[in-house]
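**Q** the following block contains a protein sequence and its predicted model.
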Amino acid sequence: MPMTAPARLSRLPLLACGVVLCLGATADTTRNAMPPPSPAFKPPANAMFSDDFQGAHLTRWRADRDGVWSLKRGMLKAELPDNRQEHSMLYAGDSTWTDYAIDLDVCGMRGVDKGVVVRVRKGHGLGLDLRGPGYHDLRLQMSELPIARVNVENGNGVWQHVRVEVCGARCRIVVNGNELIDRRVPLRLSASGGIALAAYTGGIGQCTVYYDNVVVTPLATTGTAR
């Protein structure tokens, strides 16, 4: 988009800050903990883009900073330094994508925030933040302005399946098979753009998150979608 400093978060609807927690002096045993096996994956025949991270390199993705995103045991791992308001984005796709759905599996291990941005174009996009311990909610934002918030249980160490559909100016979000949001975006949304996966420490100052089974499929625009 690109975003290389926390001040630029205002250009993309990323992730809401977590509260500051007292971390204590004990060793963090979750830093290197592995998530459970990710769900089985079979991309549909009409996929515009798919990645199950079984390769050796992230050749189809673009990171905004080094040392955050890596491949580990057939999954995508993002880990940030233990400082407040650290963030990184991993981009894919291009400006020609219009109406599409993105499906992905995500498992937070440390911290609160995890999410995806759609219609990413020229530093703007529509962002979903699935916040875990302490919040257990989903936030939809655009340019730091909140659009919607819905309660949803999503603990760390558990895979969550997220589907985001953007068709015209309408956005639909399904988490673990439950529809949480289906509404028009009240702000100007780019008609096209790629995707981005997010890593963010927020106020808690921690982020270790795994992604897997990312697939983008086209959607047919309807006359009432815009």
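**A** Alright, I've got the coordinates. As the structure is a prediction and not an experimental result, all values here were calculated from the model. Numbering: from 1, shown residues only.

**Q** how about low-confidence regions in the protein?
**A** When residues are selected by pLDDT under 70, those of the chain lie in 1-29, 123, 221-226.

**Q** can you pull the phi/psi pair for residue 56?
**A** When quoted as degrees, to the nearest 10, the phi and psi of residue 56 stand at phi -100, psi -10.

**Q** next, the contact list for the nearest residue to it once chain neighbours are set aside, please.
**A** Setting aside the residues directly before and after it, residue 56 is nearest to residue 71 in space (C-beta to C-beta, 6 or more residues apart in numbering), at 7.2 Å. Any C-beta I mention is one placed from the backbone N, CA and C, and that applies to glycine too. Shown here is residue 71, whose contacts under the criterion C-beta atoms under 8 Å, 6 or more residues apart in numbering are 53, 55, 56, 57, 58, 77.

**Q** turn the residues you listed into JSON lines, including distance to residue 99, neighbour count and secondary structure.
**A** JSON lines is the format used below for the contacts of residue 71 (distance: C-beta to C-beta, whole Å; neighbours: other C-beta atoms under 10 Å; DSSP: H, G, I helix; E, B strand; the rest coil):
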{"residue": "53", "distance to residue 99": "26", "neighbour count": "21", "secondary structure": "coil"}
{"residue": "55", "distance to residue 99": "28", "neighbour count": "11", "secondary structure": "coil"}
{"residue": "56", "distance to residue 99": "33", "neighbour count": "6", "secondary structure": "coil"}
{"residue": "57", "distance to residue 99": "30", "neighbour count": "7", "secondary structure": "coil"}
{"residue": "58", "distance to residue 99": "26", "neighbour count": "16", "secondary structure": "coil"}
{"residue": "77", "distance to residue 99": "30", "neighbour count": "21", "secondary structure": "strand"}
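
**Q** and which of the residues you listed is nearest residue 103?
**A** Distances from residue 103 to the contacts of residue 71, taken as C-beta to C-beta, are shortest for residue 53 (14.3 Å).

**Q** got the contact list for that closest one?
**A** When contacts are taken as C-beta under 8 Å, 6+ apart, residue 53 is in contact with 71, 74, 75, 76, 211, 212.

**Q** contacts only, for the last one.
**A** For residue 212, the contacting residues are 38-39, 41, 52-53, 74-76, 104-107, 159, by C-beta under 8 Å, 6+ apart.
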